[in-house]
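S.K.: Following is a predicted model, sequence given first.
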Number of protein chains: 2
Amino acid sequence: MERRTLTEQVLEALRKAILEDRYPPGTELQEVALADSYGVSRGPIREALNRLSAEGLVTIRPRRGAVVTGLSKQEFLEAYQVREALEVLAVKLTVERADDELVAQLEQYVSDMDEAAAADDIDSFFDLNSSFHKEFIEASGNRRLQEVHAQVIGTMGRYRRRSLVLRGDLRPSIEEHRQIVEAVRKGDPDEAAELLAHHISVPQKRLLELTEAEFAKDFNSAEVPFATTAKEL
Amino acid sequence: MERRTLTEQVLEALRKAILEDRYPPGTELQEVALADSYGVSRGPIREALNRLSAEGLVTIRPRRGAVVTGLSKQEFLEAYQVREALEVLAVKLTVERADDELVAQLEQYVSDMDEAAAADDIDSFFDLNSSFHKEFIEASGNRRLQEVHAQVIGTMGRYRRRSLVLRGDLRPSIEEHRQIVEAVRKGDPDEAAELLAHHISVPQKRLLELTEAEFAKDFNSAEVPFATTAKEL
DNA sequence: TGGATGTTAACTGTCAACACTTGCTGCTGT
DNA sequence: ACAGCAGCAAGTGTTGACAGTTAACATCCA
């Protein structure tokens, strides 16, 4: 019947649910409840939770169950720093292997972002933004880098809609993207790296200005005071 | 009796065994065999293997069991690139927070390395070298960076004794370390970062010169042609 | 002899039941 | 009232058994 294993199916479904914010940070993921709703036994659920914990999406407290991981301001900032280092590496590697096709693809993303911004279509904008950055990672040709980056992004990505406040006006962001593409076309790895580093540092600096409380308000609203429990699906 | 969970104990024992090369790359880790030797049921074994797979130490092939992960030359090179990016970030962050105590600690490591090299004590040298680099990661104050770095190092670390061939003479390496410490003391993040990048790039360049076959010979001797099966302990 | 096919042993995927912790609730005594 | 303790309910940790798949071996037919 099903080619894939139950664990994989559950894993995918849970990951999707967490990334789409249907299980917000702080949600308790109880094995029996999940087993009931997915119609499987606790075994596959436990395995899936284990792997999600390795991805950083859930935290397992021994003998006390699993909860959807929430990032503090400090942790979010730390993730940003790592992400910056990884993407700077990616862009350096990519510039050396860039071809016309890649440049065209990147330009396409930028102009699509332009349209999305003009239409105030925030969701599309962020999707395009993610694709733009991911393009560098994949074009780098370094699979390990892809894995590690996906992991870091995974824990941050859940917040992306809320993080509009960090980015502020979209137009400067698009212009920054455009400059990065230009540096890639010129084949200047150092300039591209510097531009990218600056681009990523913008929301980082905004983040620093927020107090922990303001951060919690915008980013972890579901975490306090009563943690909801995962139900159904 | 035991405060910790069985899974954790098995996890730790397995990880140690892999890192110490008692289970060389390519070793098949069969659940029943491991369960017998550790005196537990398959449940904890499966969980431990899952987590190890997340750490990159073992590879799980659906329905075909787990094997100790081996790195190809390409994968090893990719890991080196990521490691370089992470450590460069670490050193930049660390320089800004460095105090006299840290500098003293780093100098201690360097002089100990000097002694170990003079006594031809390769094992001690590599231990000290690991500690030196790890010191930056921990001093950076970025926990996420620590996690990711530990993950990347974990898959590379198993090869460290074999990788002496990549480093060649130990004396230049020690001198490089000394220069890095000096830059940290001066509080110059860019110089420290550049020195560290150069330091890490040395074995990378050597690695590039090896053919895939030479690499496999020195680094993955246990992977071909007959994979051994894990037994006892 | 060589290749395709049936058979079988070994192993993983999954399940349901049991044991043990943990945190809560309500009692008791002061 | 309130602190402390006992009992209880809920949930995780662990186990052993069963089912399904894989891969190797033996067998059969050209």
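M.R.: That came in fine, so what should we check first? Numbers count the residues shown, from 1 in each chain, chains lettered A, B, ... in the order given.

S.K.: what about A:Leu128, neighbour count?
M.R.: 23 (other CB atoms under 10 Å in any protein chain shown). Yep, even glycine has a C-beta here, placed from its N, CA and C like the rest.

S.K.: Now do the helix or strand encompassing A:Pro44 against helix B:42-55, angle only.
M.R.: Per DSSP states H and E, A:Pro44 falls inside helix A:42-55. Interaxial angle, helix A:42-55 versus helix B:42-55 (axes from the mean of the first three to the mean of the last three CA atoms, to 10 degrees): 30 degrees.

S.K.: Tell me which other helices or strands helix A:42-55 touches.
M.R.: helix A:6-19, helix A:31-38, strand A:58-61, strand A:65-68, helix A:143-157, helix B:42-55 (3 or more CB pairs under 8 Å, 6 or more residues apart in numbering or on different chains; DSSP states H and E).

S.K.: any residues touching it, and which ones?
M.R.: With contact meaning CB atoms under 8 Å, 6 or more residues apart in numbering or on different chains, helix A:42-55 is reached by A:5-7, A:10-11, A:14-15, A:18, A:29, A:31-32, A:34-35, A:38, A:58-60, A:66, A:151, A:154-155, B:46-47, B:50-51, B:53-55.

S.K.: what is the orientation angle of that helix with helix B:6-19?
M.R.: Using the same axes, to 10 degrees: helix A:42-55 against helix B:6-19 is 50 degrees.

S.K.: in helix A:42-55, what's buried?
M.R.: Buried residues in helix A:42-55, counted by 16 or more other CB atoms under 10 Å in any protein chain shown: A:44-55.

S.K.: and if you look at stretch A:148-163?
M.R.: A:148-149, A:151-156, A:158-160, A:163.

S.K.: about what we covered before: so which of the contacts of helix A:42-55 also contact DNA strand D?
M.R.: Filtering the contacts of helix A:42-55 for proximity to DNA strand D by CB under 7 Å from any atom of the strand leaves A:29, A:31-32, A:60, A:66.

S.K.: Let me see the contact set for A:Ala104.
M.R.: Neighbours of A:Ala104 in contact, by CB under 8 Å, 6+ apart: none.

S.K.: per-residue confidence for it?
M.R.: Per-residue pLDDT puts A:Ala104 at 94.

S.K.: just A:Arg3 next, same as before
M.R.: Reported pLDDT for A:Arg3: 67.

S.K.: Check A:Asn142 too.
M.R.: For A:Asn142, the predicted pLDDT is 96.

S.K.: Just give the number of residues close to it.
M.R.: Around A:Asn142 there are 25 residues (other CB under 10 Å).

S.K.: now A:His199
M.R.: 19.

S.K.: Just the buried residues of the helix or strand it falls within, please?
M.R.: Assigned by DSSP H and E, A:His199 belongs to helix A:189-209. Of all the residues in helix A:189-209, those buried under the rule 16+ other CB under 10 Å are A:189, A:191-193, A:195-196, A:199-200, A:203, A:207.
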